[in-house]
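Student: A structural model of the following input is requested.
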Amino acid sequence: MKLPRIRDAILAGVLACLALPAMAQDGWPAEPLRVFVGFPAGSSPDVLARIVTEELAERLGQPVVIENRPGAGGVIGIQQMLAAAGNGHVFGTTINGPMTTAARLMGDTGYDVAADILPVSLLARSPLVLAVASNSAIADLDGFIAAAGAAPEALAYGSVGQGSGAHLTAELFAAEAGITMLHVPFTSYAEVTTAIIGGEIDAGFMAPSAALPFAEAGTMRILGITSSEPFAQAPDVPPIAGKAGLPEDFRAELWNAFIAPAGTEAAIVARLNAEIGTILADDEVRQRMLAMGWQAAPGTPEDLAARIASDTRMWGAVIDRVQAQ
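Tutor: Numbers count the residues shown, from 1 in each chain. Predicted coordinates:
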């Protein structure tokens with residue numbers, strides 16, 4: 001008669017162990033959350049973070065405070081997040097650069113992505129569009145590649161800076177298309193737009209939100225988009241993937257993600273991921289992001305980890321080619 005009692009005791013012990021991660025979450029959050037953003041207030045990463053954290057605060061029952069720490073392309077925000085970590089209430093949002101290319105471009109960032117940062121959830125993604133002036137002789141993507149191939153480095157393109165997503169996207173495109181272009185760096189998409197429309201440069205890879213208003217006004221022409229499928233903000237713009245000899249899986253996107261310092265309890269990461277997934281499924285939230293040129297992109301922590309790893313490899317190879325030129 002003792003065996004059932006022993007069995008029940010063992011089963012109760014096993015269930016208690018399985019419940020530990022959930023128990024560790026009981027009472028969390030016990031204080032306001034701090035979310036570090038490595039960009040200034042009003043910037044695109046800041047606004048995306050606020051859209052999500054406004055909803056997150058309601059769902060968690062605690063304030064979520066955005067702390068802007070701009071500098072070094074988002075790297076300082078991650079550094080400050082890690083410096084403040086320790087109580088399970090400190091997190092961050094970041095664009096892809098500090099997670100995938102910063103170490104290759106800057107050297108020591110003060111953190112190791114794999115060792116110091118836990119992926120929580122992808123928030124949003126945005127492809128880039130290839131734009132030329134509306135009066136350009138180049139009418140489509142085939143014509144663009146033909147023009148660049150006929151005269152290496154004669155075709156000039158603008159970006160928002162050396163090592164920026166726009167610069168690396170253009171170089172990835174050039175490598176896949178077998179062409180060589182001349183890079184002219186600027187500091188903003190507004191400057192790139194002015195240079196394209198004014199005929200100072202021939203083209204640029206730009207954020208949809210920066211280029212589409214000028215296309216609608218008739219001063220720019222959009223040749224393609226760097227997602228592998230149509231983008232909701234620009235459904236009539238054809239994907240570059242598979243066109244003009246480019247690979248079918250060609251994709252170059254900017255993205256924004258929610259992250260946590262290493263050591264954050266797994267139950268907290270799981271709770272945040274679930275809450276963010278629900279927030280990003282809301283139509284109003286999705287429309288607010290889309291109006292900014294971003295498409296909501298929920299996923300698991302594992303999805304984000306895989307994206308970080310694949311993009312680090314892809315952009316690392318592009319950086320190697322650029323630095324070898």
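Student: who does Val129 bridge with?
Tutor: Beta-bridge partners for Val129, by DSSP bridges, are Met206, Ile225.
Student: my bad, Gly92
Tutor: Beta-bridge partners, per DSSP bridges, of Gly92: Phe36, Ile259.
Student: so it sits against Val35, correct?
Tutor: Yes - using Cβ atoms under 8 Å as the test, Gly92 is close enough to Val35 to be in contact (6.2 Å). All C-beta spots, glycine's among them, are computed from the backbone N, C-alpha and C.
Student: so these two - more neighbours on which side?
Tutor: Between Gly92 and Val35, counting by other Cβ atoms under 10 Å, Gly92 is the more crowded of the two (29 against 24).
Student: okay, buried residues for stretch 191-211 please.
Tutor: Judged by neighbour count (16 or more other Cβ atoms under 10 Å), stretch 191-211 contains these buried residues: 191-193, 195-197, 201-211.
Student: stretch 236-253 too?
Tutor: Quick answer for stretch 236-253 (16+ other Cβ under 10 Å): 237, 239-241, 243-244, 246, 250-253.
Student: same question for stretch 132-151.
Tutor: Per 16+ other Cβ under 10 Å, stretch 132-151 contains these buried residues: 132-133, 136, 138, 141, 144-145, 147-148.
Student: next: stretch 267-278.
Tutor: 267-273, 275-276.
Student: what is the burial count for Ile225?
Tutor: Ile225 has 28 nearby residues by other Cβ under 10 Å.
Student: just the strands in the protein please.
Tutor: 33-37, 64-68, 90-95, 117-127, 129-133, 156-159, 182-185, 203-206, 220-225, 253-261, 295-296 (DSSP state E).
Student: what sits against Ile276?
Tutor: The contact partners of Ile276, by Cβ atoms under 8 Å, 6 or more residues apart in numbering, come to 52, 56, 120-121, 123, 258, 298.
Student: give the contact list for Pro40.
Tutor: Contacts of Pro40 by Cβ under 8 Å, 6+ apart are 46, 68, 70.
Student: mind giving me the domain ranges of this structure?
Tutor: 32-125+253-324, 129-225 (automatic domain parsing).
Student: longest helix in this protein, please.
Tutor: helix 301-324 (DSSP state H).
Student: next up, the contacts around Ala297.
Tutor: 122-125, 255, 280.
Student: and those, which two are the farthest apart?
Tutor: Spatially, the most separated pair among these is Trp255 and Leu280, at 12.8 Å (Cβ to Cβ).
Student: overlap in contacts of those two?
Tutor: Joint contacts of Trp255 and Leu280 (Cβ under 8 Å, 6+ apart) are 123-124, 297.
Student: could those go into a markdown table alongside pLDDT?
Tutor: Shown next, in a markdown table, are those (pLDDT from 0 to 100):
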| residue | pLDDT |
| --- | --- |
| Leu123 | 98 |
| Ala124 | 96 |
| Ala297 | 94 |
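Student: relative to Ala291, which of those residues is nearest.
Tutor: Nearest member of the shared contacts of Trp255 and Leu280 to Ala291, counting by Cβ to Cβ, is Ala124, at 11.8 Å.
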